[in-house]
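# could you work out the structure for the sequence below:
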Amino acid sequence: MSFFGPGSGDFDAASKPTGDRIIRLKILITVKAAPNPSEKYGETVCVAGLRTDVLTTSWIRLYPINFRHLDSDEAFRKYDIVSIDVKPTRQDHRRESWKPVMDTIRRERYLDGWRPRQPLLDPAVEDSMCRLNREARERSDAQSLALVRPKEVRSLIITPHPGWTIDEQRKIDAYASQPDLFSSRSRSPLQAPRFKAAYHYLCHEPRCNGHKQHVIDWELIACQRRLKGCSDADLRAALESKFMGEMCPPNRNVAFYVGNQAKRAHVFSVLGVYWPRR
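Reported below is the predicted structural model:
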């Protein structure tokens, strides 16, 4: 029996189809990760969300996307529902990963405020980050995206960004030097942010010893860009205020969008924060 919308095709949400046939999905965008250097795409980003055109929703990762095509929300923004053609990503074994056909994207509607988002996202919340870590170590097809509610957010650890590695800088320079005959988009080099951050938290697993996960939310980069004229001390204070004081206070039902790395499946990062009122 098919639970999929017209033209979307049939496949098990827990696995990718064996062929390369393009299918169309409808997705609630929940994550825009920070850009990473890429020789071919300039800055590749992970965009992820919840598939909404099925009875049982499932997580979807769209990659690669050049973030300059998404900057200033010109393509879509977080909490837009979009429809888009995708095909299985063979270079990425993670079952949630799909390659988007960007010129097929269509914005359906924007979910404005937490109330219309919660009926879709609250049922997807999980309590155990420890379980996700265990399964990622044990199985190659383990879940790689989730929305995890912490028992306690202990701190936000802010440290200076070390700058790009030699390999990352090589990719940036190679991309910036390529002539683009088909677009007037800027190819100015991607700048490293001043700071990186990580959440330290406990999940609801009874024997949880704590999780320290780097924040790779685009919002962390955007905040630093907006405040580029601030001193280091003022910028640290602003990040602490935003990512702890505003997003993780006691009156918010906080959960973290988390995702792992393709080459290091046991390493999860915080891709974004879900923070409706209690």
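# please make it C-alpha for all contacts and neighbour counts, starting now.
OK.
# wasn't residue 26 part of a helix?
No: checked against DSSP: H, G, I helix; E, B strand; the rest coil, residue 26 lies outside a helix; its state is strand.
# so what's it up against?
Taking CA atoms under 8 Å, 6 or more residues apart in numbering, we find residue 26 in contact with 51, 52, 53, 81, 82, 83, 84.
# would you confirm that the second one contacts residue 29?
Translated: residue 52. No: the criterion here is CA atoms under 8 Å, and residue 52 misses it with residue 29 at 10.1 Å.
# so the two - more neighbours on which side?
residue 29 (23 against 20; other CA atoms under 10 Å).
# where does this protein dip in pLDDT?
Within the chain, the segments meeting pLDDT under 70 span 1-15, 39, 41-42, 67-74, 179-187.
# list the buried ones in the longest strand that it contains?
Counting residues, the longest strand found in the chain (DSSP state E) is strand 97-110. By neighbour count on 16 or more other CA atoms under 10 Å, the buried set for strand 97-110 is 97, 98, 99, 100, 101, 102, 105, 110.
# dump the residues you listed to TSV, plus distance to residue 151.
Shown next, in TSV, are these (distance: CA to CA, whole Å):
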residue	distance to residue 151
97	28
98	32
99	34
100	35
101	38
102	38
105	37
110	30
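# for residue 141, state which of those residues is nearest.
When the buried residues of strand 97-110 are compared for distance to residue 141 (CA to CA), residue 97 wins out at 11.4 Å.
# so that closest one touches residue 64, yeah?
No: using CA under 8 Å, residue 97 is not in contact with residue 64; the gap is 9.7 Å.
# what about the helices in the stretch 51-200 of the chain?
Assignment of helices within the stretch 51-200 of the chain using DSSP state H, counting those that start in this stretch yields the ranges 114-121, 129-138, 166-176.
# that concludes my questions; thank you for your assistance.
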